[in-house]
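S.K.: Sequence below, structure please.
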Amino acid sequence: MNLKVGDKVVVIAGKDKGKEGKIIKTFKNDNKVLVEGINMVKKHQKPMGQETGGIIDMEAPIDRSNVMIIDPKTKKRTRIGHTTDKNNKKIRISRKSNEKLD
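M.R.: Take a look at the predicted model:
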């Protein structure tokens, strides 16, 4: 999976199409990502100990094919490429601007 925690992504399909957010968690085996403020669902939670119960809003995982990374230079969505740096270490780059992705 080319996406990492902390990447800024835009949703390209689904009910939240066009919204942007930051990746909170990746689920490598399921090919899904958890994006901040995207794919919000309501969860009915029972009170446990000190916590109160009720209906809470939380993010649900979204398939990684429905999000694209945002290019740091052009601020538009782009694909991810790979190349090597001076030390022969593999790095991720933006396909649109050839800018290094952190």
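S.K.: Going by neighbour count, list what's buried in stretch 44-52.
M.R.: Along stretch 44-52, no position meets the burial threshold by neighbour count (16 or more other CB atoms under 10 Å). For glycine as for every other residue, the C-beta is placed from the backbone atoms N, C-alpha and C.
S.K.: Now it: average pLDDT?
M.R.: For stretch 44-52, mean pLDDT is 92.
S.K.: ok, residues contacting it?
M.R.: For stretch 44-52, contacts defined as CB atoms under 8 Å, 6 or more residues apart in numbering pick out 53-56.
S.K.: Could you state which residue of this structure sits nearest its centroid?
M.R.: Among the residues of the chain, the smallest C-alpha distance to the mean C-alpha position (CA atoms, centre = their mean) belongs to Ile23, namely 3.4 Å.
S.K.: chain center to the lengthiest strand in the chain: distance?
M.R.: As assigned by DSSP state E, the longest strand anywhere in the chain is strand 20-27. Averaging C-alpha coordinates over strand 20-27 and over its chain gives two centres that are 3 Å apart (CA atoms, centre = their mean, to the nearest Å).
S.K.: Give the full set of residues in contact with the residue nearest to the centre of the chain.
M.R.: Ile23 is in contact with 3-7, 9, 33-36, counting by CB under 8 Å, 6+ apart.
S.K.: Check Ile62 too.
M.R.: With CB under 8 Å, 6+ apart as the criterion, the residues that contact Ile62 are 11, 14, 16, 32-35, 38-39.
S.K.: Just give me the closest of these to Leu101.
M.R.: Within the set of the contacts of Ile62, Val33 lies nearest Leu101; the separation is 15.2 Å, counting by CB to CB.
S.K.: Surely the closest one is in contact with Ala60?
M.R.: No: contact criterion CB atoms under 8 Å: Val33 and Ala60 do not qualify, at 10.9 Å.
S.K.: Next, count neighbours for the nearest residue to Lys28 once chain neighbours are set aside.
M.R.: Spatially, and ignoring its direct neighbours in sequence, Lys28 is nearest to Met1 (5.5 Å; CB to CB, 6 or more residues apart in numbering). Per other CB atoms under 10 Å, the neighbour tally for Met1 reads 11.
S.K.: All good on my end, thank you.
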